[in-house]
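Novice: Any chance you can model this:
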Amino acid sequence: MDRLIHGTAAEGTVRLIAAVTTDTVAEAVRRHETSPTASAALGRMLTGAALMGASLKDFDRLTLRIDSDGPIGGVVSEANNMGGVRGYVRNPLAELPPKDNGKFDVAGVVGNGMFHVIRESGFDLGLHREPYVGSVPIQSGEIAEDLAFYFAKSEQIPSAVLLGVLLQRSEPFVSASGGVLIQMMPGVNDHIVTMIEDTVAHAPHLTSMIKDGATPEDLVRLVLGVIEFDVLGEKEVAFRCTCSIERAFTMVEALGRDEVGAMLQEDEGAVMTCGFCNETYRLDGADLEKILENLE
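Specialist: Residues are numbered from 1 along each chain as shown. Okay, here's the model as predicted:
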């Protein structure tokens, strides 16, 4: 089971969130059949959304979206405050050769563009309030750096973000995934900041530790070093999509009588695939006839 924790350190002047997301990312990769580098990009975005989603209120939704000119075309991930995440890449087969150090060229596959953070309150209650949208230019395409840049520029919160995905050649392909978000709040001691910066700069790879069984608490210790911290809460993280056969019916019904009638006459049914989870829903002729009855 994937887990996320959130807490504080240094008398509340440091905020921390850490998560192990191996199973979550593996499920996304399985569903979308992404290439290795696209899998790394998607995994980082899903983990980043999970970390940010920890601060959401009930019925709120967070979306991270990259619009870029690289081979991947863009990446989207969503999270809620219950630990549910979902996401996709626009070109799941996008791939580039590894970098000279052997690591995935996520920056190359992402390219240049914009990084967007969208917060919607009361979404699941149908309130349809105006969402908050923060956007910054992509700085590196490595995603963790771009997320840290967003916090610094749009929310004026100095942050350290670590995101990692480790792949293997056989299923489930994702052998480790996780991340840490550390934020410096007003009043933080400069010495504490320097200690954290030094520890982060010399920290080993998160994914190596996760593969060896590290917990979210272990990841926080890795980043904070000797600084003590308090865990305020935890939750399960999992790949969860909000699509359903009922929503498929609603979407087809929204097309209107003429369009549904044409689908019934020409195709004797309808097939819909969710972009977030790749689940396919099939409506047969009887289903379309029922929809037409509802539209009378």
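Novice: what about the helix or strand containing residue 291, distance to the chain center?
Specialist: Using DSSP states H and E, the secondary-structure element containing residue 291 is helix 285-295. Distance of helix 285-295 from its chain centroid, counting by CA atoms, centre = their mean, to the nearest Å, is 36 Å.
Novice: What of stretch 47-67?
Specialist: 7 Å.
Novice: Report the separation between the nearest residue to residue 119 once chain neighbours are set aside and residue 194.
Specialist: Once flanking residues are discounted, residue 119 sits nearest to residue 132: 4.4 Å by CB to CB, 6 or more residues apart in numbering. (C-beta placed from N, C-alpha, C; glycine too.) Separation of residue 132 from residue 194 (CB to CB, to the nearest Å): 32 Å.
Novice: Equivalent analysis for residue 270, please.
Specialist: Using CB to CB, residue 270 is found at 60 Å from residue 194.
Novice: now residue 227
Specialist: Applying CB to CB, the value for residue 227 to residue 194 is 11 Å.
Novice: Give me the residue ranges of the stretch 101-250 of the chain where confidence is low.
Specialist: Across the stretch 101-250 of the chain, the ranges flagged by pLDDT under 70 are 122-129.
Novice: hang on, the earlier thing: more neighbours, residue 270 and residue 194?
Specialist: residue 270 (22 against 10; other CB atoms under 10 Å).
Novice: so how far is the longest helix anywhere in the chain from its chain's centroid?
Specialist: Assignment by DSSP state H gives helix 36-53 as the longest helix of the chain. Distance of helix 36-53 from its chain centroid, counting by CA atoms, centre = their mean, is 5 Å.
Novice: Mind listing what's buried along stretch 191-202?
Specialist: Using 16 or more other CB atoms under 10 Å as the test for burial, stretch 191-202 gives 192, 193, 195, 196, 199, 200.
Novice: From these, pick the one nearest residue 36.
Specialist: Residue 36 lies nearest to residue 200 out of the buried residues of stretch 191-202, by CB to CB, at 26.0 Å.
Novice: Would you verify that the closest one is located in a strand?
Specialist: No. Read with DSSP: H, G, I helix; E, B strand; the rest coil, residue 200 is helix and lies in no strand.
Novice: Now the residue nearest to it when sequence neighbours are not counted, what are its backbone angles?
Specialist: In this structure, residue 200 finds its nearest non-sequential neighbour in residue 160, 5.1 Å apart by CB to CB, 6+ apart. The phi and psi values for residue 160, taken as degrees, to the nearest 10, are phi -110, psi 130.
Novice: now the one 10 residues further on
Specialist: With angles defined as degrees, to the nearest 10, residue 170 shows backbone torsions of phi -110, psi 160.
Novice: Please point out which parts of stretch 160-176 sit buried.
Specialist: Residues 160, 161, 162, 163, 164, 165, 166, 167, 173, 174, 175, 176 are the ones in stretch 160-176 that count as buried (16+ other CB under 10 Å).
Novice: Closest to residue 17 out of these?
Specialist: residue 161 (9.9 Å).
Novice: Could I get the contacting residues of that closest one?
Specialist: Counting by CB atoms under 8 Å, 6 or more residues apart in numbering, residue 161 makes contact with 48, 51, 144, 145, 147, 148, 151, 179, 180, 181, 182.
Novice: Name the SS class of it, please.
Specialist: From three-state DSSP, the assignment for residue 161 is strand.
Novice: separation between residue 38 and residue 279?
Specialist: 19 Å.
Novice: Which parts of the stretch 51-200 of the chain are strands?
Specialist: 61-68, 74-79, 84-89, 113-120, 132-137, 159-167, 174-184 (DSSP state E, counting those that start in this stretch).
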